[in-house]
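Student: Just a sequence and a predicted model for now, questions to come.
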Amino acid sequence: MQKERSMENGKMGGRPKCSKENFYKIPNTKFVILTFSQYEKLLNKYGKIVFEKAIELLENWLSSSPSAQKYRGKNNYGHFRSDGWVINSALNIITPPKV
């Protein structure tokens, strides 16, 4: 049985697509894309200092790395996982690990 394709349900019935009008314009960023609800959820989860540092790190990576080109222009919510490199790097910069 084939899955039904629909613009409201993503490519193969997955997560609904989000129109560009729903994206939140994050200050001082060009490549990091999040919806307003995603931005608010991440801000509440990680706090302002860690989240802003994580956005800065992701923005620098998206703007400078050739391998990051495939992530430009797409929603970057998945990069902010609690076990991902973006959040771990931000936490290590703000509170360096004790030796």
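Tutor: Okay, I see it. Numbers count the residues shown, from 1 in each chain.

Student: From the chain's centroid, how far away is the longest helix along the chain?
Tutor: Looking across the chain with DSSP state H, the single longest helix is helix 48-64. Computed by Cα atoms, centre = their mean, to the nearest Å, the chain-centroid distance of helix 48-64 equals 9 Å.

Student: immediately after it, which helix or strand?
Tutor: The C-terminal neighbour of helix 48-64 among helices and strands, as given by DSSP states H and E, is helix 85-94.

Student: now the angle from that following helix to helix 48-64?
Tutor: 120 degrees (axes from the mean of the first three to the mean of the last three Cα atoms, to 10 degrees).

Student: For this protein, give me the ranges with low pLDDT.
Tutor: 1-21 (pLDDT under 70).

Student: Surely Arg81 touches Ala54?
Tutor: No. Using Cβ atoms under 8 Å, Arg81 is not in contact with Ala54; the gap is 10.6 Å. Backbone N, C-alpha and C define where each C-beta goes, glycine included.

Student: Summarise which helices and strands the longest helix of the chain is packed against.
Tutor: helix 36-46, helix 85-94 (3 or more Cβ pairs under 8 Å, 6 or more residues apart in numbering; DSSP states H and E).

Student: Dump those helices to a markdown table, plus mean neighbour count and distance to Lys25.
Tutor: Converted to a markdown table, the helices and strands packed on helix 48-64 look like this (neighbours: other Cβ atoms under 10 Å; distance: least, Cβ to Cβ, whole Å):
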| stretch | mean neighbour count | distance to Lys25 |
| --- | --- | --- |
| helix 36-46 | 14 | 9 |
| helix 85-94 | 16 | 19 |
